[in-house]
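Enquirer: coords please:
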Amino acid sequence: MSLPPLVEPASELTVDEVRRYSRHLIIPDVGMDGQKRLKNARVLCVGAGGLGSPALMYMAAAGVGTLGIVEFDEVDESNLQRQIIHSQSDIGRSKAESAKDTVKGINPYVNVVLHEERLEADNVMDIFSQYDLIVDGTDNFATRYLVNDACVLLNKPYVWGSIYRFDGQASVFWSEHGPCYRCLYPEPPPPGMVPSCAEGGVLGVLCASVGSIQVNEAIKLLAGIGDPLVGRLMIYDALEMQYRQVKVRKDPDCAVCGENPTVTELIDYEAFCGVVSDEAQEAAAGSTITPKQLKEWIDDGEAIDIIDVREVNEYEIVSIPGARLIPKNEFLMGTALQDLPQDKKIVLHCKTGVRSAEVLAVLKSAGFSDAVHVGGGVIGWVNQIEPDKPVY
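Expert: Just a heads-up that it's a prediction; the model follows:
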């Protein structure tokens, strides 16, 4: 569907700006008017990570006048495989500051506004109200629902993207003209069912593919050209090199943008999405040990069976000495239970403790009442016990 331009054009372009954007200006659909609209636009990018990196760089190159960046994290070496806005020298720096430097290096005419804080229900409305368009580069469900609900309540459009391994998705959500994210995904998946990129991995270049699509949609919305992805979900399979689209209709019963909404203000999104299920929380209560406790048990020769519930590729990167690998899914399927010893205490661990808590709940219900899991997982082990080992 064709939509009117999101912003009014700036009064003029300078001579230097005309030179810089000349390849845009000679495109009839963009032209001087469209470039002036980009100059006058205020766009907020949520996150300066995998999707935020190409999105910020290409929006800067395109001449978006004001770019806001919401980011509270620091650059880690494991980010550099895909987060191309950062470099080796930025490790340990604020991602927001690193991203700002790169943006200004690409286009000194862009005004960069930093919001170095975690996006939460108590600040999102104030931050979003300062911008015309939101580009969502988040990687967790709680923030995705927060972004969606805030945009609906503020009547703002946003460009959404998602990446995992070789698969990418993108769409434009704008409740005034079409569906919102909740129309597509009314409820978050059960805790632990959908692994994050940190758990399952992501092909680095996939970020560029999906992030550039997000910028393309942003430019179309700002300048009022083309047919934005409103009401359409683009799905990209990088391994098979296939694109396909799925129509998404506005849900009249949607909790936030439907005819009789039940979500009329921001909610507790961590609770709504449930980082860990209630069963896992209950199982972990009183059955969680620290990496230092595990080290003491190993040194004392305790009768324990250390089980790593991650995936094979993760296990090959780093592991706790003496741990054997049984992926989480084998516990969920029930096939792993028959191989568990009855004469040893079972100690579970994963990367950070989320997956092992879910498996712990399965074991408790199967009668392994003395089983425990390691809070902080292999990351906690490396940080506290073997700091020379790699992390991911």
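Enquirer: how is the protein divided into domains?
Expert: With domains defined by the TED database, the chain comprises 15-247, 278-385.
Enquirer: and of those, who's closest to residue 264?
Expert: domain 15-247 (7.9 Å; Cβ to Cβ). All C-beta spots, glycine's among them, are computed from the backbone N, C-alpha and C.
Enquirer: geometric centre of this structure: which residue is closest?
Expert: residue 139 (1.0 Å; Cα atoms, centre = their mean).
Enquirer: contact partners for that residue?
Expert: Contacts for residue 139 (Cβ atoms under 8 Å, 6 or more residues apart in numbering) come out as 47, 49, 50, 163, 196, 197.
Enquirer: redo the domains of the chain as JSON lines? Include distance to residue 261 and mean pLDDT.
Expert: What follows is the domains of the chain, written out as JSON lines (distance: least, Cβ to Cβ, whole Å; pLDDT from 0 to 100):
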{"stretch": "domain 15-247", "distance to residue 261": "8", "mean pLDDT": "95"}
{"stretch": "domain 278-385", "distance to residue 261": "26", "mean pLDDT": "93"}
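Enquirer: between those domains, which one is closest to residue 260.
Expert: Of those, nearest to residue 260 by Cβ to Cβ is domain 15-247, at 13.8 Å.
Enquirer: end-to-end on the closest one?
Expert: 43 Å (Cα to Cα, to the nearest Å).
Enquirer: what of stretch 103-114?
Expert: Across stretch 103-114, first to last residue, Cα to Cα, it's 12 Å.
Enquirer: give me the buried positions along that stretch.
Expert: Residues of stretch 103-114 classed as buried: 103, 106, 107, 110, 112, 113, 114 (neighbour count, 16 or more other Cβ atoms under 10 Å).
Enquirer: helices along the stretch 1-150 of the chain, start to end?
Expert: For the stretch 1-150 of the chain, the helices defined by DSSP state H, counting those that start in this stretch cover 15-20, 22-25, 31-40, 52-62, 95-106, 124-128, 141-154.
Enquirer: most neighbours per residue, which of those?
Expert: Of all the helices of the stretch 1-150 of the chain, helix 52-62 has the most neighbours on average by mean count of other Cβ atoms under 10 Å, namely a mean of 25.
Enquirer: that older thread, which of the contacts of residue 139 are buried?
Expert: Among the contacts of residue 139, those classed as buried by 16+ other Cβ under 10 Å are 47, 49, 50, 163, 197.
Enquirer: which of the contacts of residue 139 fall in strands?
Expert: Among these, the ones falling in strands (DSSP state E) are residue 163.
Enquirer: what two of the contacts of residue 139 are the furthest from one another?
Expert: Longest span within the contacts of residue 139, Cβ to Cβ: 47 and 196, 13.3 Å.
Enquirer: out of the buried ones among the contacts of residue 139, who's nearest residue 135?
Expert: residue 47 (8.9 Å).
Enquirer: enumerate every residue touching the closest residue to that closest one other than its chain neighbours.
Expert: The spatially closest residue to residue 47, leaving aside those adjacent along the chain, is residue 137, at 3.8 Å (Cβ to Cβ, 6 or more residues apart in numbering). Shown in contact with residue 137 (Cβ under 8 Å, 6+ apart): 45, 46, 47, 48, 49, 50, 51, 52, 55, 161, 211, 214.
Enquirer: again, only using 7 Å
Expert: 45, 46, 47, 49, 51, 52, 55, 161 (Cβ atoms under 7 Å, 6 or more residues apart in numbering).
Enquirer: what separation is there between the third one and residue 130?
Expert: Spelled out, that is residue 47. Distance of residue 47 to residue 130, given as Cβ to Cβ, to the nearest Å: 17 Å.
Enquirer: any chance of TSV for the buried residues of stretch 103-114, columns distance to residue 293?
Expert: As requested, these are arranged in TSV below (distance: Cβ to Cβ, whole Å):
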residue	distance to residue 293
103	45
106	49
107	52
110	51
112	46
113	45
114	40
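Enquirer: skip the chain neighbours and tell me the closest residue to residue 58.
Expert: Nearest to residue 58 is residue 215, by Cβ to Cβ, 6+ apart, at 4.2 Å.
Enquirer: same for the helix or strand containing that neighbour, what does it pack against?
Expert: Secondary structure from DSSP states H and E places residue 215 in helix 204-223. Packing contacts for helix 204-223, counted by 3 or more Cβ pairs under 7 Å, 6 or more residues apart in numbering; DSSP states H and E, involve helix 31-40, helix 52-62, strand 133-136, strand 158-164, strand 167-173, strand 232-237.
Enquirer: out of those, which comes closest to residue 283?
Expert: strand 158-164 (26.9 Å).
Enquirer: okay, the angle between the closest one and helix 141-154?
Expert: Relative orientation of strand 158-164 and helix 141-154, computed by axes from the mean of the first three to the mean of the last three Cα atoms, to 10 degrees: 170 degrees.
Enquirer: strand 158-164 packs against which elements?
Expert: strand 133-136, strand 167-173, helix 197-200, helix 204-223.
Enquirer: out of those, deepest packed?
Expert: Comparing the helices and strands packed on strand 158-164 by mean count of other Cβ under 10 Å gives strand 133-136 as most buried, with a mean of 26.
Enquirer: who are the packing partners of that strand?
Expert: strand 42-46, helix 141-154, strand 158-164, helix 204-223.
Enquirer: let's see it at 10 Å
Expert: strand 42-46, helix 52-62, strand 66-70, helix 124-128, helix 141-154, strand 158-164, strand 167-173, helix 204-223 (3 or more Cβ pairs under 10 Å, 6 or more residues apart in numbering; DSSP states H and E).
Enquirer: mind checking those for the one nearest to residue 250?
Expert: strand 167-173 (10.3 Å).
Enquirer: heading C-terminal from that closest one, find the next helix or strand.
Expert: That would be, after strand 167-173 and using DSSP H and E, helix 181-184.
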